[in-house]
Each structure stands twice: as C-alpha cells, then as structure tokens.
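K.L.:
Structure here, sequence nowhere to be found:
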C-alpha cells in the first residue's frame, strides 16, 4: 500500500514513525507525513463494565414540552476553576458563556474533580436559573452532571462535550 500523494513511479523507503521531514521543500514531505500517520497505532476502545452500576429510577411524571423548553441549556467553556475556601465540596467556575461577560457557577463536585483538571473543558450548563448565594458567592446557573452508584460508591461525571462546540451554543 502506498502513502497518499505518492505517484506510482515514485519509490518510497520505510520511514521511522518518529521521523520528521526537516525541510519545507522536500518532494517526499507529504509521503513522509502520510507514513508517520499510518505508523500510529489505532486507538484501543476502552471496555467499560457497567454490571455493578446502580442508576436512579426514571421519573414517572411527564413534563410538557413548554415547561422543558423554558430551560436554557448552553455549552460553556471553563476559563478558570478553583476550590472555594472553607468548603470541602464547592468548586468555583469562571465560564465563557458566549455573551462577552464571565459567568460564575459554583458546583459541589470537588470530591470528584480537582480544579486544574477542568480548565479548558467545554461543559453543559443551565443558564436561566435565578442567581443563588452559596458560601458568600453568587452562583448563576448549574453545570450538568451524571450521577450513579458503582459497587455502593457514589460516582459523578461532569457532562463535557466536544471542544469544537462554541460557547453559548444552545442545546436541545
């Protein structure tokens, strides 16, 4: 199999996976790059065992569409995240919600995440909740998380989405 961009008449040599073409004029530069990419191992898909997971039952009450559509779910980018002093649970998020103003949301997820892990992530927030005072700070919204128990231990995963989704993108 020949690398992309190599003509039939051209001969190619094996190029080590860590080879980098040092010049910008090399006629085989594209071939070298293609060979490097081909040498990368395919990512192995992680197998997850959900056999010991407990999930809360679904609500039996229905919510009409009009009620649901009043909730404003948006993609937000984490600009900064820090532990709230004197709180074991709260993290203070400074978020880009696409409005040009920084949004602060407090979330009780410190038991599951260290603040530095979350900087730069794209998360999902409900942005039209009324501001709520917490530990002397105002939280303007709520970040969405998935909660379950595994082997009797509570687990939480902050909902993070593709980083290509821009801040303020509406989620339906």
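P.N.:
Structure received. Not measured: the values here are computed from a predicted model.

K.L.:
what's near enough to touch residue 121?
P.N.:
Residues near residue 121 by C-beta atoms under 8 Å, 6 or more residues apart in numbering: 77, 78, 158, 160, 163. In short, each C-beta sits where N, CA and C put it, glycine included.

K.L.:
Out of those, which two sit at the greatest distance?
P.N.:
158 and 163 (14.1 Å; C-beta to C-beta).

K.L.:
Looking at these two, which is more packed in?
P.N.:
residue 158 (20 against 11; other C-beta atoms under 10 Å).

K.L.:
The more buried one against residue 123, yeah?
P.N.:
Yes - between residue 158 and residue 123 there is a contact under C-beta atoms under 8 Å: 6.0 Å.

K.L.:
Need the residues touching each of those two.
P.N.:
Joint contacts of residue 158 and residue 123 (C-beta under 8 Å, 6+ apart) are 143, 144.

K.L.:
related to what we said a few turns ago, of the contacts of residue 121, just say which sits nearest to residue 110.
P.N.:
Using C-beta to C-beta, the contacts of residue 121 come closest to residue 110 at residue 158, 11.4 Å.

K.L.:
So what's the predicted local confidence for that closest one?
P.N.:
What the model reports as pLDDT for residue 158 is 98.

K.L.:
And residue 66, its phi and psi?
P.N.:
phi -60, psi -40 (degrees, to the nearest 10).

K.L.:
Distance of it relative to residue 124?
P.N.:
Between residue 66 and residue 124 the distance is 21 Å, computed by C-beta to C-beta, to the nearest Å.

K.L.:
Looking at these two, which is more packed in?
P.N.:
A direct count of neighbours by other C-beta under 10 Å for residue 66 and residue 124 places residue 124 higher, at 19 against 7.
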